[in-house]
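# Provide a 3D model corresponding to the input given below.
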Amino acid sequence: MYKPLRHVLIACLATGLASGKALAGDDTPPVFGWVEKATIEEPWGAEVKVKLDSGALTSSMQAEDIERFERDGEEWVRFVVEVEDEATEEVVSKTFERPVLRNLILTGAGGQDRRPAVLMTLCIGDTRYEEQFTLEDRDNLIYPVLLGRRTIQDLGLLDVTRTFVHDLACDENTPLRQHEDKELDDDIGI
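Okay, here's the model as predicted:
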């Protein structure tokens with residue numbers, strides 16, 4: 001009797017997790033697939049595919065024509081986000097200006113790369129997230145937005161066997177999870 005009961009409990013848990021939503025009254029975090037749809041910066045709302053990458057610490061976003069400048073004694077950056085809007089299949093672009101939170105030096109096989117990190121807002125599922133993104137030209141990559149562990153930790157659980165678990169459901173009343181309110185777990189590799 002023990003084994004069948006255990007299998008039923010495991011199946012019930014897996015079914016609840018597989019739905020992408022926590023069960024009513026349950027504290028289980030929502031589950032996301034390794035690729036989801038998101039909209040960038042409501043109300044612009046360009047819909048893009050985002051890759052949830054547990055191998056990356058910091059999230060990254062498509063940006064071109066990156067220009068650093070100073071405003072009121074602080075470092076700022078101006079950049080163009082040009083993406084294919086998944087909803088319309090049209091190429092859309094918008095210029096943004098953001099204060100630089102920090103500069104990252106990334107080291108890889110191609111050498112070192114210095115990138116600015118800024119705050120941008122994404123809608124994923126039914127929540128808006130203000131997240132930190134490094135800016136890089138991702139034109140030659142499949143996904144214009146990559147979500148790293150710092151962002152994934154705030155979203156919920158990652159199921160690497162699934163894609164497009166959540167439908168987009170943000171509007172002007174959608175709650176915003178602000179970056180400054182995040183509590184990062186030391187185990188993610190900060």
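
# which residue ranges of the protein form strands?
Ranges of strands within the chain are 31-40, 46-52, 59-62, 64-71, 74-84, 91-99, 102-108, 111-124, 127-136, 145-147, 157-163, 176-177, based on DSSP state E.

# got the angle for the fifth one vs strand 102-108?
Same thing as strand 74-84. Between strand 74-84 and strand 102-108, the angle comes out at 60 degrees (axes from the mean of the first three to the mean of the last three C-alpha atoms, to 10 degrees).

# got a markdown table for the strands of the chain, with mean neighbour count, distance to Glu183 and mean pLDDT too?
Where you see a C-beta, it was placed from the backbone N, CA and C, and this is true even at glycine. As requested, the strands of the chain are arranged in a markdown table below (neighbours: other C-beta atoms under 10 Å; distance: least, C-beta to C-beta, whole Å; pLDDT from 0 to 100):
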| stretch | mean neighbour count | distance to Glu183 | mean pLDDT |
| --- | --- | --- | --- |
| strand 31-40 | 21 | 19 | 96 |
| strand 46-52 | 21 | 19 | 95 |
| strand 59-62 | 24 | 17 | 94 |
| strand 64-71 | 12 | 30 | 96 |
| strand 74-84 | 17 | 26 | 96 |
| strand 91-99 | 14 | 23 | 95 |
| strand 102-108 | 11 | 19 | 82 |
| strand 111-124 | 17 | 17 | 91 |
| strand 127-136 | 21 | 14 | 93 |
| strand 145-147 | 26 | 18 | 96 |
| strand 157-163 | 13 | 17 | 95 |
| strand 176-177 | 14 | 11 | 89 |
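
# so can I have CSV of the ones you listed showing distance to Ala169?
As requested, the strands of the chain are exported to CSV (distance: least, C-beta to C-beta, whole Å):
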stretch, distance to Ala169
strand 31-40, 10
strand 46-52, 12
strand 59-62, 21
strand 64-71, 30
strand 74-84, 20
strand 91-99, 21
strand 102-108, 32
strand 111-124, 8
strand 127-136, 9
strand 145-147, 18
strand 157-163, 18
strand 176-177, 14
